[in-house]
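Peer 1: build me a structure from this.
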Amino acid sequence: MFKSLDGKFYIFLLLFFMNLAFLAYAILNLSISYYEAKLFYYDHNLISLLMKISCKFLTQSDFGVKFPFLFLHFINSILMYKISKFILKRREDRLVCVFIYMFLPGVMSSAIVANMAGITIFFTLLFIYLFETKKYYLSIFILFITVFIDKTFTILFIGVFFYSIYNSKRELAFISFILLVMSFLFYGFETSGKPKSYFLDTLGVYAAVFSPFIFLFFVYVMYRIWVKDSKNLIWFISISSFCISLLLSLRQKILLDEFLPFCVISIPLLVKTFYSSYRIRLPKFRIKYKILAIFLISSLLINSILISFNSKLYKFFKNNPQNHFAYKFDIAKDLADKLKSLNINSLIVLDDELALRLKFYGIEGGGNYILSEDKIYKPKFKITINKGEIQIANFYIL
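Peer 2: Below you'll find the predicted structure:
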């Protein structure tokens, strides 16, 4: 389609800024969730620290609290490009790899919500990059400090351990095993609860994170490499995460946030497999691959639009807006703005979770007013929250 690589690069830059625009729009049109507010006010971990530092410099706002994760998203994209050089020889292929990574629904979501995913991806990619560039001691140092960051990195240690055993790297195998033991000692291993299968639910979440068709291709590539292709560090990390999550889901509900970051880093392997199959064929036999590529890219762009402009989907949830996937990220900011327009800066909120979210926007607890979602006869004020023409919530003030 483009005769020069430069032309493709400019198209990539356009898509890069499109991704930034989508994410910025989404951040500015979402409210802080209860989970994020709890992180901000009560937790003492790396996520909450990043949120507080960012708000200190960028003001306490939606953009301020989520900027670190947006920034990490683009740092991770650069690292993904750097790492893909060890797998994809053509610059064109590496640009495609980064584009797919940036527009994955799960990756985009991690950029607009305060969570551990972006941090996990960053340290994992940084470790892989240092390891592949022969900076062995630095890579081990990164591996070492991750054990003190979060239990999520247990999966990384497992993947590195299997890679080391497979390639007879005894020193790395010993180090990764020690870190794995330390991780279990620090954080434990959750197996409580009534045994119940969540296998299909887990597959559904994977499909949502990758987008359904890319997830199917991910499974195919993981299996293909297992049975016939060469196995690198990325594959061992991704396959370890994927298989362990599926095995655990047969017994219990798992936190997929602890597994998904290690799977999305496999994009260079997917791109390599696709182009390997594409280029060994004569031009007249490549048509189905071109159609597949166009279809997959289109599905990514559509998913990106749905994530960024999710409020438009409320028309399909007129009767039950609570079923909208972004509902828990809505309402609070709009409600706070309407309360301030009524000159109400403090009130008693019967919903503790909503109260904490409103606090982030400057609405304190206490005062002479009471806020309730339950319908009240002759309230002092009634506040309606709309998304476009769709009414999604009503609040009553006594």
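Peer 1: in space, what's closest to the residue nearest the centre of the chain - neighbours in sequence excluded?
Peer 2: In the chain, the centroid-proximal residue (CA atoms, centre = their mean) is Ser110; its distance is 2.8 Å. Closest residue in space to Ser110, ignoring its immediate chain neighbours: Ala117 at 3.8 Å, by CB to CB, 6 or more residues apart in numbering. C-betas here are computed from N, CA, C, even on glycine.
Peer 1: checking Ala393 next. Helix, strand or coil?
Peer 2: Secondary structure state of Ala393, per DSSP: H, G, I helix; E, B strand; the rest coil, is strand.
Peer 1: going forward, begin numbering at 34 instead of 1
Peer 2: From this message on, residue numbering opens at 34, which makes the last subject Ala426.
Peer 1: what does the pLDDT read for Ser337?
Peer 2: Looking at Ser337, its pLDDT is 87.
Peer 1: give me the neighbour count for it.
Peer 2: Residue neighbour count, defined by other CB atoms under 10 Å, stands at 22 for Ser337.
Peer 1: same question, Ile111
Peer 2: 12.
Peer 1: look up how far Thr179 lies from it.
Peer 2: For Ile111, the distance to Thr179 equals 20 Å [CB to CB, to the nearest Å].
Peer 1: can you check Val193 too?
Peer 2: Taken as CB to CB, the span from Val193 to Thr179 is 10 Å.
Peer 1: comparing these two, which residue is more hemmed in?
Peer 2: Per other CB under 10 Å, whichever of Val193 and Thr179 has more neighbours is Val193, with 30 against 22.
Peer 1: the more buried one: helix or strand, and which one exactly?
Peer 2: Per DSSP states H and E: Val193 is located in helix 187-199.
Peer 1: contacts for that helix next, please.
Peer 2: Contact with helix 187-199 is made by 156-157, 160, 176, 179-180, 202-203, 205-206, 209-210, 212-213, 216-217, 220, 264-266, 269-274, 277, 291-292, 295, as judged by CB atoms under 8 Å, 6 or more residues apart in numbering.
Peer 1: surely Phe119 is in contact with Glu165?
Peer 2: Yes - with contact defined as CB atoms under 8 Å, Phe119 counts as touching Glu165 (4.9 Å).
Peer 1: after the helix or strand where Leu233 lies, heading C-terminal, what element do we hit next?
Peer 2: Take DSSP H and E as the rule and Leu233 turns out to sit in helix 232-243. The helix or strand immediately downstream of helix 232-243 is helix 245-260, counting by DSSP H and E.
Peer 1: which residues touch Leu293?
Peer 2: 139, 150, 238-239, 242, 274.
Peer 1: for these, could you give me JSON lines that also reports distance to Ile377?
Peer 2: JSON lines is the format used below for the contacts of Leu293 (distance: CB to CB, whole Å):
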{"residue": "Gly139", "distance to Ile377": "38"}
{"residue": "Ala150", "distance to Ile377": "36"}
{"residue": "Val238", "distance to Ile377": "40"}
{"residue": "Tyr239", "distance to Ile377": "44"}
{"residue": "Val242", "distance to Ile377": "40"}
{"residue": "Ser274", "distance to Ile377": "48"}
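Peer 1: quick revisit: please work out which residues outside the helix holding Leu233 touch it.
Peer 2: Residues contacting helix 232-243 (CB under 8 Å, 6+ apart): 137-139, 142, 248, 251, 275, 278-279, 282-283, 286-287, 289, 293, 296-297.
Peer 1: can you verify Asn419 is assigned to a strand?
Peer 2: Yes - counting by three-state DSSP, one finds Asn419 located in a strand.
Peer 1: the strands in this structure, which residues?
Peer 2: Counting by DSSP state E, the chain has strands at residues 379-382, 397-405, 414-420, 423-430.
Peer 1: and of those, who's closest to Pro316?
Peer 2: Nearest of the strands of the chain to Pro316, taken as CB to CB: strand 414-420 at 48.2 Å.
Peer 1: in the closest one, what counts as buried?
Peer 2: By 16 or more other CB atoms under 10 Å, the buried positions in strand 414-420 come out as 416, 418, 420.
Peer 1: and the lowest-mean-pLDDT helix or strand in the chain, what other elements does it pack with?
Peer 2: In the chain, the helix or strand scored least confidently by mean pLDDT, DSSP states H and E is helix 38-61, which has a mean of 83. Counting contacts by 3 or more CB pairs under 8 Å, 6 or more residues apart in numbering; DSSP states H and E, helix 38-61 packs against helix 95-117, helix 124-136, helix 138-145, helix 320-341.
Peer 1: what stretches of the stretch 34-183 of the chain score poorly on pLDDT?
Peer 2: Scanning the stretch 34-183 of the chain for pLDDT under 70 picks out the ranges 34-41.
Peer 1: run the chain-centre distance for stretch 166-185.
Peer 2: 21 Å (CA atoms, centre = their mean, to the nearest Å).
Peer 1: what's the first-to-last distance across that stretch?
Peer 2: Counting by CA to CA, to the nearest Å, you get 25 Å between the two ends of stretch 166-185.
Peer 1: and what of stretch 276-289?
Peer 2: This stretch, stretch 276-289, spans 12 Å end to end (CA to CA).
Peer 1: residues contacting Ile258?
Peer 2: When the contact criterion is CB under 8 Å, 6+ apart, the partners of Ile258 are 264, 268, 272, 302, 306.
Peer 1: in CSV, list the residues you listed along with distance to Lys229.
Peer 2: Formatted as CSV, these follow (distance: CB to CB, whole Å):
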residue, distance to Lys229
Lys264, 33
Trp268, 31
Ile272, 25
Leu302, 32
Thr306, 35
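Peer 1: from the residues you listed, which would you call buried?
Peer 2: Buried by 16+ other CB under 10 Å: 268, 272, 302, 306, out of the contacts of Ile258.
Peer 1: separation between the third one and Leu315?
Peer 2: Summarising the geometry, the distance separating Leu302 from Leu315, computed by CB to CB, is 25 Å.
Peer 1: repeat that for the second one.
Peer 2: If you measure Ile272 against Leu315 using CB to CB, the figure is 32 Å.
Peer 1: OK, contacts around Met113?
Peer 2: So Met113 contacts 130-131, 134, 158, 298, 300-301 (CB under 8 Å, 6+ apart).
Peer 1: what's the burial count for Lys305?
Peer 2: Applying other CB under 10 Å, we find 19 residues neighbouring Lys305.
Peer 1: sounds good, over and out.
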